[in-house]
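Peer 1: Any chance you can model this:
(chains A and B)
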Amino acid sequence: GAGVSQSPRYKVAKRGQDVALRCDPISGHVSLFWYQQALGQGPEFLTYFQNEAQLDKSGLPSDRFFAERPEGSVSTLKIQRTQQEDSAVYLCASSTRTSGGIDTQYFGPGTRLTVL
Amino acid sequence: AQSVTQLGSHVSVSEGALVLLRCNYSSSVPPYLFWYVQYPNQGLQLLLKYTTGATLVKGINGFEAEFKKSETSFHLTKPSAHMSDAAEYFCAVSEVTGGFKTIFGAGTRLFVKA
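Peer 2: As a prediction, the model looks like this:
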């Protein structure tokens, strides 16, 4: 069956450009998470959706980061005015239940963002 | 606040030898604990998780982990390493009382020598 997919897999942006990263969760999964993984580090939580509701956005590093999931399925993470420190792999994960971080999460392959 | 510490960013073992990857956590309430594996150019995959009940948890590919509350540890073991086990391993913690975050450790890269 189809897993979590993310696009694009690789994105190169010039400093100051806006980028949009897409996540297609597993069909029917209620919960969706975004993480940022810097080189050599573990994933760091960015934000959490339960269906279309963004219940936790405490991990978003600045107001340049914005995420949405308008119809409760596909999600987009947008970064405005990208900076070099935004360079990282952005991971999306989904899970079946509404239990947030205590449920098993299924991860996509990630989008590697490089800001020049 | 929750936190996870993985001791050793790199671990090297010989094929057939014991694998031991260390994880210690900090949590103010009973935690849910996870081990994930990440192969190159792939997403993280769940190896095993501890929720409640039996403290020795068995996962996929012959891995297991033991929750030790007194030591706040959740070390990952496998009796005999295989070349295909070479990957990055992440320990993670979430709190039972809710919140929606999972906190990951920095990861341990496992090398398996022939």
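
Peer 1: residue ranges for the strands of chain B, please.
Peer 2: B:3-7, B:10-14, B:19-26, B:31-38, B:44-50, B:56-58, B:64-68, B:73-78, B:87-95, B:103-104, B:108-113 (DSSP state E).

Peer 1: Nearest to residue A:81, out of those strands?
Peer 2: Closest approach to residue A:81 among those is made by strand B:103-104 (27.2 Å; CB to CB). C-betas here are computed from N, CA, C, even on glycine.

Peer 1: out of everything not next to it in sequence, what's closest to the residue nearest the centre of chain A?
Peer 2: In chain A, the residue lying closest to the centroid (CA atoms, centre = their mean) is residue A:34, at 3.1 Å. Beyond its immediate neighbours in the sequence, the residue positioned closest to residue A:34 (CB to CB, 6 or more residues apart in numbering or on different chains) is residue A:46, lying 4.2 Å away.

Peer 1: Residue A:65 is in contact with that neighbour, correct?
Peer 2: Yes - contact status for residue A:46 versus residue A:65: in contact at 7.0 Å, counting by CB atoms under 8 Å.

Peer 1: out of those two, which sits in the more crowded spot?
Peer 2: Using other CB atoms under 10 Å in any protein chain shown as the criterion, residue A:46 and residue A:65 rank with residue A:46 on top: 22 against 18.

Peer 1: Quick check: residues of chain A near chain B?
Peer 2: A:3-4, A:31, A:33, A:35, A:40-45, A:48, A:55-56, A:58-59, A:91, A:93, A:100-102, A:104-110 (CB under 8 Å from any CB of the partner chain).

Peer 1: Any of those residues buried? List them.
Peer 2: The neighbour-count test (16 or more other CB atoms under 10 Å in any protein chain shown) applied to the residues of chain A next to chain B identifies A:4, A:31, A:33, A:35, A:42-45, A:48, A:56, A:59, A:91, A:93, A:100-102, A:105-110 as buried.

Peer 1: Among the residues you listed, which ones are in strands?
Peer 2: Among these, the members falling in strands (DSSP E) are A:31, A:33, A:35, A:44, A:45, A:48, A:56, A:91, A:93, A:106, A:107.
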